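In: fold the following.
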Amino acid sequence: MRLSELAESGRSPKLPLTLQIDGEPLLLERLLRVLPGQRYVAAARWQGRPVLAKLLVGGKAQRHFLRELEGAELMARQGLVTPELLARGFTDGQGGWLLFDYLEGAQSLWDAWRQATREPLLTDAQQAVLGEALAVIGHMHSRGLWQADLHLDNLLRHDGELFLIDGGGVQVEQAGQPLSRARVLQNLGVFFAQLPAELDPFIEELLVHYLLANGEHALPLEALLVEVSKVRRWRLRDYLSKVARDCSLFSASIGAFGLRVVRRDCAAILEPILEAPDVALASGQALKLGGSATVARVELEGRPLVVKRYNVKNWLHWLKRFWRPSRAWHSWREGNRLQLLGIATPTPLAVLERRWCWLRGRAYLITDYCGGQDIIARFEAYKQATPPETELLALDRLFAALLRERISHGDFKGHNLFWDDALDTWSLIDLDAMRQHRSMRSFARAYARDRARFLRNWPVDSALHQLLDQRLPQVPGTCPN
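Out: This next block holds a predicted model:
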């Protein structure tokens with residue numbers, strides 16, 4: 001196959017396949033990242049050795065090729081640890097290629113970070129990951145470079161060293177000279193914005209790792225936090241736009257006679273349910289058989305899932321619902337919002353809407369199954385006692401996150417809060433009425449209702465009610481002291 005043919009192969013070319021690169025065969029074995037018709041990144045074999053191949057095709061191929069090449073050469077010239085560029089080339093009308101040394105067995109710092117996230121804040125493992133990352137970022141900044149798309153996946157541990165990858169995002173201010181303070185703050189804002197907001201109080205402490213590698217500027221904490229907040233708002237807007245369109249993360253088909261959005265990495269396994277959701281509901285274990293919603297637990301290739309159908313009860317109900325986004329769509333969007341914000345909820349996998357000339361009817365939501373106990377069952381034995389401190393601390397963190405992000409649930413009964421044994425945290429479900437507020441005033445009212453509804457799960461005179469009433473944070477002016 002030629003490079004020009006690869007551009008026409010779509011998102012999933014059949015592997016393995018052999019490309020002719022400058023008269024040499026390049027065997028693509030595994031795709032790592034695909035931007036259909038533009039960019040293919042693959043684990044490959046070339047001249048008998050494993051390589052990482054970046055293949056740039058399509059109308060923008062030359063521009064992307066030059067950007068990748070310039071970034072890779074900049075990092076190498078400035079003495080940064082980065083995979084060796086073994087071969088490169090560009091053919092007019094075909095596309096470009098860059099072949100890098102393949103770091104067999106390398107671990108991205110993002111994978112290392114995910115392994116450490118279950119631990120309390122700033123344990124040794126977390127400090128090690130963030131300290132390594134900030135030291136490398138500091139060294140890069142001291143050489144006048146920065147990575148526009150800075151994240152932990154672009155840092156790889158291999159044979160005791162930390163490698164910088166992805167030259168396409170590398171930019172230069174003045175090679176060999178430290179970055180300006182404004183650019184440093186902006187780039188560090190991108191880095192810290194991708195970490196949990198719970199870490200914000202520790203940013204000043206973490207900056208020590210950076211300053212040991214690049215002490216050129218004093219970095220005012222307040223200015224850095226402004227940059228972090230700005231990037232977080234942008235990331236949230238950008239991500240929520242992706243959940244409604246076809247992209248690398250989601251496969252979307254939206255039209256006058258139906259809506260279907262599914263996580264791309266789950267599309268194949270979910271196909272039987274997506275084709276016949278009512279059949280899946282009927283064959284699954286019923287969890288709820290209400291008039292407005294039907295919910296069932298479904299096993300699919302050993303993976304437990306929840307399928308929820310939002311019913312149309314009658315013509316009057318349809319007249320109230322057909323013209324606005326369905327409750328399934330709202331739950332899909334808010335579930336993805338919570339996940340990006342680091343608030344636990346079962347992963348939303350797919351959403352369907354039945355439509356006729358854009359008029360909405362039945363809708364379906366598919367999520368992972370949260371198999372733990374809800375908080376009412378979990379705390380049943382503690383009405384006159386104290387629940388485990390681990391679970392109380394997790395509840396403290398959940399409420400603190402809702403306050404920080406100005407999120408109200410809208411139906412905060414105990415059956416909508418489940419203990420997640422895998423993450424040691426509380427997970428929110430039933431997000432039909434969830435809302436992130438712009439105004440503190442509207443949030444304060446909604447939070448007060450959520451807090452009061454949550455406490456009504458237990459008798460007022462019970463020791464548990466009184467304990468939770470004392471622990472749960474209050475919004476000034478909305479709850480009695």
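
In: ok, residue 185 touching residue 224?
Out: Yes. Between residue 185 and residue 224 there is a contact under CB atoms under 8 Å: 5.5 Å. The way it works is simple: take the backbone N, C-alpha and C, and place the C-beta from them, glycine included.

In: which stretches of the stretch 201-350 of the chain have low pLDDT?
Out: 314-319, 321-323 (pLDDT under 70).

In: where exactly do the helices run in it?
Out: Remark: helices assigned in the stretch 201-350 of the chain by DSSP state H, counting those that start in this stretch are 203-213, 221-242, 267-275, 277-283, 315-321, 327-341.

In: select, out of those helices, the one closest to residue 27.
Out: Nearest to residue 27, of all these, is helix 267-275, at 24.2 Å by CB to CB.

In: and that closest one, what does it pack against?
Out: strand 258-263, strand 293-300, strand 303-310, strand 348-356, strand 359-368 (3 or more CB pairs under 8 Å, 6 or more residues apart in numbering; DSSP states H and E).

In: outline the domain layout of this protein.
Out: By the record's domain assignment, the chain is partitioned as 3-101, 107-229, 250-368, 375-471 (automatic domain parsing).

In: can you get me a residue count around the residue lying closest to residue 294 once chain neighbours are set aside?
Out: Ranked by CB to CB, 6 or more residues apart in numbering and with sequence neighbours excluded, the top spatial neighbour of residue 294 is residue 309, at 4.6 Å. Number of residues near residue 309 (other CB atoms under 10 Å) recorded here: 21.

In: show me the beta-bridge partners of residue 309.
Out: residue 294, residue 364 (DSSP bridges).

In: for the stretch 1-150 of the chain, give me the ranges with low pLDDT.
Out: Applying pLDDT under 70 to the stretch 1-150 of the chain flags no residue at all.

In: picking that back up, ok, the residue nearest to residue 294 - contacts?
Out: With contact set as CB atoms under 8 Å, 6 or more residues apart in numbering, residue 309 has these partners: 277, 278, 281, 293, 294, 295, 362, 363, 364.

In: next: residue 457.
Out: Residues in contact with residue 457 (CB under 8 Å, 6+ apart) are 375, 376, 413, 414.

In: and those, which two are furthest apart?
Out: The span of the contacts of residue 457, defined through CB to CB, is set by 375 and 413 at 9.3 Å.

In: what residues are up against residue 283?
Out: Residues near residue 283 by CB under 8 Å, 6+ apart: residue 298.

In: which stretches of the stretch 1-150 of the chain form helices?
Out: Remark: helices assigned in the stretch 1-150 of the chain by DSSP H, counting those that start in this stretch are 3-6, 61-77, 109-116, 124-142.

In: which one, of those helices, ends up nearest to residue 181?
Out: So among these, helix 124-142 is nearest, using CB to CB, at 10.2 Å.

In: that closest one vs helix 203-213, what angle?
Out: With axes from the mean of the first three to the mean of the last three CA atoms, to 10 degrees defining the directions, helix 124-142 sits at 50 degrees from helix 203-213.

In: so which bits of helix 124-142 are buried?
Out: For helix 124-142, the buried set under the neighbour-count rule, 16 or more other CB atoms under 10 Å, comprises 126, 129-142.

In: again with stretch 270-282
Out: For stretch 270-282, a neighbour-count test (16+ other CB under 10 Å) marks 270, 273, 274, 277, 280, 281 as buried.
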